[in-house]
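>>> quick one, structure for this:
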Amino acid sequence: MERTDVLREMIAEKQRQIELYTAMVHEWQKELGESDSTLRPSPEGASNQGTPTQDDPVASVRKYQFFNKSQPEAAKLLLEYVTHPLSTQEIVTGIEKGGVTVGGKTPKDKKTNLYTILQRSDDFVRFKRDTWGLAKWPGAPKKTEQDEEKDKEKTSGRAAED
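Numbers count the residues shown, from 1 in each chain. This next block holds a predicted model:
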């Protein structure tokens, strides 16, 4: 392997570490209620791996981004990160990529499990069928008691089908 290849690999690894540390600092500042304005944007020409895209919102999720987080905590962080609603499957894929294990033996079981968790939490609302966002977002649909009853019926119906 040539020296230039080694240097490129070293640079890429350090950029990944910077992104991980930046995410950690951001999370700690958020926990303290402080602004993250002290974080500097990436220098020009640096990797933009930390920027989610509309086409593939989970592509920029890093390996341990949601380390030591519960499924709902990780889902909330993912949605805050991408800033737009995602399908249940996209959330499963994103949080698993970020280091969280979603319960279930099959992909369908994992999706059903996470769907149920999101549905029961006050932090999440469905923007459309099988698409979730954060309840605190402007324009988010309100969860009504009727919606919650329908959710319970659907979940118990799915459980009976399995």
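>>> going by C-alpha atoms from here, please, whenever you check contacts or count neighbours.
Fine.
>>> give me the low-pLDDT residue ranges for the protein?
Low-confidence segments of the chain, defined by pLDDT under 70: 35-55, 144-162.
>>> show me where it has helices.
3-32, 71-82, 88-97, 107-120, 145-161 (DSSP state H).
>>> just the buried residues of the shortest one, please?
By neighbour count with 16 or more other CA atoms under 10 Å, helix 88-97 contains the buried residues T88, Q89, E90, I91, V92, T93, G94, I95, E96, K97.
>>> cool, and the second one?
Applying a neighbour-count criterion of 16+ other CA under 10 Å, one finds Q71, P72, A74, A75, K76, L77, L78, L79, Y81, V82 buried in helix 71-82.
>>> now render the residues you listed as TSV, adding distance to F127.
TSV is the format used below for the buried residues of helix 71-82 (distance: CA to CA, whole Å):
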residue	distance to F127
Q71	19
P72	17
A74	19
A75	15
K76	15
L77	17
L78	16
L79	13
Y81	17
V82	15
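>>> brilliant, that's me finished.
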